[in-house]
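In: my questions concern the predicted model and sequence given below.
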Amino acid sequence: MSIETLIRQTNPLMPDDVTSGHSEVPRELLDEILATPFRQTIRPRPRLIAAVLVVVAIVAVVVTQTLPGPVNAPQSASAAAEFHKLSTVVSSLPADTLAPGQFVYTDSVSSGPPAHPGNVPYNVQFDSTRQFWVAPDGSGKGIFTASNVTFPTPQDQAEWVAQGSPDIAAEFTRTSTFGPGNYGPMQVDEFTLPTDQAQLSSVIAGLVTSATHAQPGTANFTTEEFGYIGQLLQETAAPPDVRAALLTLAGNIPGITLVGPTTGPEGVVGVGISTPLTPAPSGGGYSEELIFDPTTGTLAAVEQWLTDPSGTKTLQQWTVYLASGVVDNTSTIPLLTIISTTTTSS
Amino acid sequence: MNSRSRSHREESFERLYEACYRDITAYVTRRTTASDVGDVVAKVFAVAWRRLERVPEPPDDRLWLFGVARRCLSDSQRSDNRQLRLRARLAREPDLAANTRHSVDADPRLELVVSAMASLTSNDREALRLVLWEELTHAQAATILNCTINAFEIRYRRARNAVKDLVEKATSPSFTTTTLINKPDIAKGVPK
């Protein structure tokens, strides 16, 4: 008996068992899902699509003529080359020309490990939807909405009930506004960031040094730099040359590796680039992966991975960027489309 | 949103659901505990419903769902904070043991195969499972694992040879089942 046959026999659910269950497709789940409002995606603006297509075609020709092919290149060179491609795409895009009072809207969803709401004696887990409206001067509004609240253990749920079953979603749902230049996770004015690589590198290193204990030259510092650049590429209306400079800087970070085509949470598809492993005290380590849309250079998702000593990777946290577009005020979201057939607005 | 487009969307999703539900449920059942199967499958199709415009045309739609299921399983394991505490034990006790239906009495080597597979890295183990359990081609499995066919072939061959060698060694007179189960790391040192 071949080893393949033996492995097949360890299958806990044989193919015959699956196909014989034809009548067991549960209608209840289908009905439940169909009754759920779906999140609509934003239709890219036709002018932008045309511009991107032209730019991608030009970039494809230029890159294939000037860059070494990734096939025989070391991984770090491949990652740097990928960032170079992304930077070239982004720098060629027209800047979003916003009329006075207009905002760039971005919609993302994140999921992370269990959290303590305040000092209560239980853990809770939830997805966080982030809606941001950012004006060209860096002012705007953010709405954070918690959903899919779950408890890691029955004990956590029991403690929650004992505390009077407080509304967790409401507790983690909030709105914040920020003034000119104060947008962003680090309250950095992305609109005035330098595009010179040395100056930009100095700014990023300064952010890492001021906010963490990471020592320059360590894997931890590299991961932090990479993560900060990723955060600066989140929901933003920063000029394309700033975003391109950030991408170029990320490509120069030592030790980054090209993951290649990848599928992230929520079915997002793109090109993944990862930091090296930051060793964990118990063995293994952590790494961060950014997933980009290669056609627009847009950050599509961020993932934080834990690799245990045996090499098994577990996704710890993730954020997926669902949509972006231009709106006239902080109370609306952009024009929407459903499978490119019907356009509507909220 | 008009009713015609809404109806079209519902119909598209229903076709996807009915065509792939059994395969996705089987895929999930083979990789997690019985109590988690329903939640994970529901999450996979909820993602598909929200991201229906991303779902490729058949037959690639099934592979896309496998990819989503793989992520959902990883997510599910992450959200279970007992996972980290159990990891060390799971490394010693094959994770297939709970839902493996084979009878050891039928062929004593099956237990060795289960132990040998548990000792592989997760990616190598998944390469074997996708081909020999899910009956996918190497090209389809490579798509799900986000790697080239060449990379998949290497991974598959390495995993297959590691299991084969471990089983052969374990059935040799100088090697006992206890030795294999207590030293899962030896699989990583098996070159081929």
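Out: Yes, it's here.

In: tell me where chain B has helices.
Out: B:3-29, B:34-50, B:60-79, B:82-92, B:109-118, B:122-132, B:138-144, B:149-170, B:177-182 (DSSP state H).

In: a markdown table please, covering these and showing mean neighbour count.
Out: For glycine as for every other residue, the C-beta is placed from the backbone atoms N, C-alpha and C. Compiled in a markdown table, the helices of chain B are given as follows (neighbours: other CB atoms under 10 Å in any protein chain shown):
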| stretch | mean neighbour count |
| --- | --- |
| helix B:3-29 | 17 |
| helix B:34-50 | 18 |
| helix B:60-79 | 21 |
| helix B:82-92 | 13 |
| helix B:109-118 | 24 |
| helix B:122-132 | 21 |
| helix B:138-144 | 20 |
| helix B:149-170 | 19 |
| helix B:177-182 | 14 |
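
In: can you tell me which of those helices has the worst average pLDDT?
Out: Ranked by mean pLDDT, those bottom out at helix B:82-92, with a mean of 34.

In: what's the closest of the helices of chain B to A:Gln163?
Out: helix B:60-79 (21.2 Å; CB to CB).

In: and the helices of chain B as JSON lines, adding distance to chain A?
Out: Output for the helices of chain B, formatted as JSON lines (distance: least, CB to the nearest CB, whole Å):
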{"stretch": "helix B:3-29", "distance to chain A": "4"}
{"stretch": "helix B:34-50", "distance to chain A": "5"}
{"stretch": "helix B:60-79", "distance to chain A": "5"}
{"stretch": "helix B:82-92", "distance to chain A": "6"}
{"stretch": "helix B:109-118", "distance to chain A": "5"}
{"stretch": "helix B:122-132", "distance to chain A": "5"}
{"stretch": "helix B:138-144", "distance to chain A": "9"}
{"stretch": "helix B:149-170", "distance to chain A": "4"}
{"stretch": "helix B:177-182", "distance to chain A": "14"}
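
In: ok, which of those comes nearest A:Ala135?
Out: helix B:34-50 (28.9 Å).

In: and that closest one, what does it pack onto?
Out: helix A:27-34, helix B:3-29, helix B:60-79 (3 or more CB pairs under 8 Å, 6 or more residues apart in numbering or on different chains; DSSP states H and E).

In: distance of the residue lying closest to A:Thr173 once chain neighbours are set aside from B:Asn150?
Out: Distances taken as CB to CB, 6 or more residues apart in numbering or on different chains put A:Thr145 closest to A:Thr173, at 5.0 Å, once the chain neighbours are dropped. Using CB to CB, to the nearest Å, A:Thr145 is found at 44 Å from B:Asn150.

In: find the residue closest to the residue in the stretch 151-300 of chain A that chain B sits nearest to in space, skipping its chain neighbours.
Out: Here the stretch 151-300 of chain A gets closest to chain B at one residue, A:Gly267, 4.1 Å apart by CB to the nearest CB. Leaving aside its sequence neighbours, A:Gly267 sits nearest to B:Arg51 (CB to CB, 6+ apart; 4.1 Å).

In: what's the burial count for the one you found?
Out: 20 (other CB atoms under 10 Å in any protein chain shown).

In: now swap in A:Pro152 and tell me
Out: A:Pro152, neighbours per other CB under 10 Å, totals 17.

In: hmm, it is touching A:Asn123, no?
Out: Yes - at 5.1 Å, A:Pro152 counts as touching A:Asn123 under the criterion of CB atoms under 8 Å.

In: if we can go back for a sec, give me the secondary structure label for the residue nearest to A:Thr173.
Out: What DSSP: H, G, I helix; E, B strand; the rest coil gives for A:Thr145 is strand.

In: quick check: it touching A:Phe126?
Out: No - using CB under 8 Å, A:Thr145 is not in contact with A:Phe126, being 9.6 Å away.

In: joint contacts of the two?
Out: The contact sets of A:Thr145 and A:Phe126 overlap at A:Ala169 (CB atoms under 8 Å, 6 or more residues apart in numbering or on different chains).

In: in a markdown table: the helices and strands packed on helix B:34-50, plus distance to A:Gln304.
Out: Listed next are these as a markdown table, based on distance: least, CB to CB, whole Å:
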| stretch | distance to A:Gln304 |
| --- | --- |
| helix A:27-34 | 28 |
| helix B:3-29 | 24 |
| helix B:60-79 | 10 |
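
In: so the residue of the stretch 151-300 of chain A closest to chain B touches B:Trp49, yeah?
Out: No - A:Gly267 is not in contact with B:Trp49 according to CB under 8 Å; the separation is 10.6 Å.

In: so what sits against both of the two?
Out: By CB under 8 Å, 6+ apart, no residue touches both A:Gly267 and B:Trp49.

In: tell me the secondary structure for A:Tyr122?
Out: Per three-state DSSP, A:Tyr122 ends up coil.

In: that one and chain B: what is the separation?
Out: Between A:Tyr122 and chain B the computed distance is 12 Å (CB to the nearest CB, to the nearest Å).

In: chain B - how does it break down into domains?
Out: Domain assignment of chain B by automatic domain parsing yields the ranges B:1-80, B:89-192.

In: can I get those in TSV including distance to A:Leu315?
Out: Listed next are the domains of chain B as TSV, based on distance: least, CB to CB, whole Å:
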stretch	distance to A:Leu315
domain B:1-80	5
domain B:89-192	12
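
In: A:Pro194: which of those is closest?
Out: Proximity to A:Pro194, assessed across those by CB to CB, is greatest for domain B:89-192 (35.5 Å).

In: what about the nearest residue to A:Thr298 once chain neighbours are set aside, helix or strand, and which?
Out: Closest residue in space to A:Thr298, ignoring its immediate chain neighbours: A:Phe292 at 6.7 Å, by CB to CB, 6+ apart. Assigned by DSSP states H and E, A:Phe292 belongs to strand A:285-293.

In: check chain A for its longest strand and report it.
Out: Of all the elements of type strand in chain A, the one with the most residues (DSSP state E) is strand A:313-327.

In: tell me which of the helices of chain B lies nearest to A:Gly283.
Out: Here helix B:82-92 is closest among the helices of chain B (CB to CB), at 10.6 Å.

In: which residues sit against stretch A:280-288?
Out: A:219, A:223, A:226-227, A:230, A:274-279, A:302-311, A:316.

In: can I get it in PDB, CA atoms only?
Out: C-alpha atoms of stretch A:280-288 as PDB (Å, rounded to 0.1, in the frame of the first residue of the first chain):
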ATOM      1  CA  ALA A 280       9.600  36.500  21.000                       C
ATOM      2  CA  PRO A 281      10.900  35.600  24.500                       C
ATOM      3  CA  SER A 282       9.300  32.200  24.400                       C
ATOM      4  CA  GLY A 283      10.700  31.400  20.900                       C
ATOM      5  CA  GLY A 284       9.400  32.000  17.500                       C
ATOM      6  CA  GLY A 285       8.500  35.600  16.900                       C
ATOM      7  CA  TYR A 286       6.300  38.200  15.400                       C
ATOM      8  CA  SER A 287       6.100  39.700  11.900                       C
ATOM      9  CA  GLU A 288       4.000  42.200  10.100                       C
END
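
In: show me what contacts the nearest residue to A:Leu249 once chain neighbours are set aside?
Out: Closest residue in space to A:Leu249, ignoring its immediate chain neighbours: A:Leu200 at 5.4 Å, by CB to CB, 6+ apart. Going by CB under 8 Å, 6+ apart, A:Leu200 touches A:Leu193, A:Pro194, A:Ala245, A:Leu246, A:Leu249.

In: run the last query once more with 10 Å
Out: A:Leu193, A:Pro194, A:Ile229, A:Leu232, A:Val242, A:Ala245, A:Leu246, A:Thr248, A:Leu249 (CB atoms under 10 Å, 6 or more residues apart in numbering or on different chains).

In: and A:Phe226, by the same measure?
Out: A:Phe226 sits in contact with A:204, A:208, A:249-250, A:253, A:255-256, A:273-276, A:287-290, where contact means CB under 10 Å, 6+ apart.

In: one more pass at 6 Å, please.
Out: A:Phe226 makes contacts with A:Ile253, A:Thr275, A:Glu288, as judged by CB atoms under 6 Å, 6 or more residues apart in numbering or on different chains.
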